[in-house]
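Q: Sequence isn't available, so here's the structure alone:
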């Protein structure tokens, strides 16, 4: 036989579920904060070569390049600073990961794609300036 739905739970059960929710929330916050600190730590320049997680840095550069390529035309006026920042990060990653030769191809490809995107942006900016001047 089907039991009727109880609208009120005992106070001890409500407290238990409250503590479960609080513990879960605190765990998620601690995990997120730990991941952020570790990610920022990997971007530090003064890390010893054996501590640097080069595959992570290359993945980070890949994501940043994707973001750079996906920016819409409304933000292109701000491109010089973003281009310079990315170029600096890519150069720093190349130096920091020089001891891991298996990533050289990935870093070179990122550099090639970035250079091509930068050239296209400058050509588009020149064409836009020419059209606006007429």
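A: On my side now, so go ahead. Predicted model, so just to flag it, every value in this text is computed and none were measured. Residues are numbered from 1 along each chain as shown.

Q: which strands and helices sit next to the helix or strand residue 88 falls within?
A: Residue 88 is part of helix 79-96, with elements assigned from DSSP states H and E. Applying 3 or more Cβ pairs under 8 Å, 6 or more residues apart in numbering; DSSP states H and E, one finds that helix 79-96 makes contact with helix 54-70, helix 104-133. To be clear about C-beta, it is placed using only N, CA and C from the backbone, and glycine gets the same treatment.

Q: of all these, which lies closest to residue 87?
A: helix 104-133 (7.2 Å; Cβ to Cβ).

Q: averaged over its residues, what pLDDT does the closest one have?
A: Mean pLDDT, taken over the full extent of helix 104-133, equals 87.

Q: That helix to helix 54-70, inter-axis angle?
A: Angle between the axes of helix 104-133 and helix 54-70 is 20 degrees (criterion: axes from the mean of the first three to the mean of the last three Cα atoms, to 10 degrees).

Q: Mind listing what's buried along helix 104-133?
A: 106-107, 110-111, 114, 117-118, 121 (16 or more other Cβ atoms under 10 Å).

Q: Domain boundaries for this protein, per the record?
A: With domains defined by automatic domain parsing, the chain comprises 10-42, 44-133.

Q: Off-centre distance for the shortest one?
A: Shown here is domain 10-42, whose average C-alpha point lies 23 Å from the average C-alpha point of the whole chain (Cα atoms, centre = their mean, to the nearest Å).

Q: can you start the count at 35 instead of 1 from here on
A: Sure thing, new numbering starts at 35, so read that last one as domain 44-76.

Q: And it, what's buried?
A: So domain 44-76, judged by 16+ other Cβ under 10 Å, has buried residues residue 76.

Q: Now stretch 90-109: buried residues?
A: Across stretch 90-109, burial judged by 16+ other Cβ under 10 Å covers 91-92, 94-95, 98-99, 102.

Q: so residue 123 makes contact with residue 97?
A: No - using Cβ atoms under 8 Å, residue 123 is not in contact with residue 97; the gap is 11.4 Å.
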